[in-house]
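Trainee: Show me how the following folds:
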Amino acid sequence: MPSSSRGKFVELANKRVNGAIKTIRLIGNLSNRSNYSYTESDVEKVFAALRRELRAAERRFRSTGKGESSVFQLE
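Mentor: As a prediction, the model looks like this:
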């Protein structure tokens with residue numbers, strides 16, 4: 001069964017990582033100041049949240065513990 005679970009991991013990792021990359025590119029589109037208004041504080045909050053979640057995901061791969069779940073929201 002290891003090859004089956006490996007195949008499933010590869011399939012899902014490819015799909016999810018590509019989906020995350022696509023979504024990150026869409027976040028980058030928010031930088032267009034002719035369409036959106038934002039502050040430097042907003043930008044820092046967005047990227048701090050992304051960095052935090054990426055670190056949490058990496059920690060889950062490196063340990064047996066579960067990661068924390070959080071929801072991002074600008075005030």
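
Trainee: just the helices in the protein please.
Mentor: With DSSP state H as the criterion, the chain has helices at 2-29, 40-62.

Trainee: Can you tell me which of these is most buried?
Mentor: Sort those by mean neighbour count, taking mean count of other CB atoms under 10 Å, and helix 40-62 sits at the top with a mean of 12. (Glycine included, C-beta is placed from N, CA and C.)

Trainee: That one - contacts with which helices or strands?
Mentor: Here helix 40-62 touches helix 2-29, going by 3 or more CB pairs under 8 Å, 6 or more residues apart in numbering; DSSP states H and E.

Trainee: what angle sits between the helix it packs on and helix 40-62?
Mentor: Angle, helix 2-29 to helix 40-62, by axes from the mean of the first three to the mean of the last three CA atoms, to 10 degrees: 170 degrees.

Trainee: shaky segments in the chain?
Mentor: Within the chain, the stretches with pLDDT under 70 are 1-2, 64-69.

Trainee: same thing but 90
Mentor: For the chain, the stretches flagged by pLDDT under 90 are 1-3, 63-75.

Trainee: tell me the domain ranges of it?
Mentor: Listed by automatic domain parsing, the domain ranges of the chain are 1-32, 38-75.

Trainee: Export the helices of the chain to a markdown table and append columns for distance to F72.
Mentor: Converted to a markdown table, those look like this (distance: least, CB to CB, whole Å):
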| stretch | distance to F72 |
| --- | --- |
| helix 2-29 | 11 |
| helix 40-62 | 4 |
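
Trainee: Which among those helices is found nearest to Q73?
Mentor: Closest to Q73 of those is helix 40-62 (CB to CB; 9.1 Å).

Trainee: got the CA coordinates for that closest one in PDB?
Mentor: The C-alpha trace of helix 40-62 is given here as PDB (Å, rounded to 0.1, in the frame of the first residue of the first chain):
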ATOM      1  CA  GLU A  40       0.800  49.400   3.900                       C
ATOM      2  CA  SER A  41      -0.700  48.000   7.100                       C
ATOM      3  CA  ASP A  42      -3.100  46.000   5.000                       C
ATOM      4  CA  VAL A  43      -0.300  44.700   2.900                       C
ATOM      5  CA  GLU A  44       1.700  43.700   5.900                       C
ATOM      6  CA  LYS A  45      -1.300  41.900   7.500                       C
ATOM      7  CA  VAL A  46      -1.900  39.900   4.300                       C
ATOM      8  CA  PHE A  47       1.600  38.800   3.900                       C
ATOM      9  CA  ALA A  48       2.100  38.100   7.700                       C
ATOM     10  CA  ALA A  49      -1.000  35.800   7.500                       C
ATOM     11  CA  LEU A  50       0.400  34.000   4.500                       C
ATOM     12  CA  ARG A  51       3.800  33.500   6.100                       C
ATOM     13  CA  ARG A  52       2.200  32.300   9.300                       C
ATOM     14  CA  GLU A  53       0.100  29.700   7.500                       C
ATOM     15  CA  LEU A  54       3.000  28.500   5.400                       C
ATOM     16  CA  ARG A  55       5.200  28.100   8.500                       C
ATOM     17  CA  ALA A  56       2.300  26.200  10.200                       C
ATOM     18  CA  ALA A  57       1.900  23.900   7.200                       C
ATOM     19  CA  GLU A  58       5.700  23.200   7.100                       C
ATOM     20  CA  ARG A  59       5.700  22.400  10.900                       C
ATOM     21  CA  ARG A  60       2.900  19.800  10.300                       C
ATOM     22  CA  PHE A  61       5.200  18.000   7.800                       C
ATOM     23  CA  ARG A  62       8.100  18.100  10.300                       C
END
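
Trainee: Nice, that's everything, thank you.
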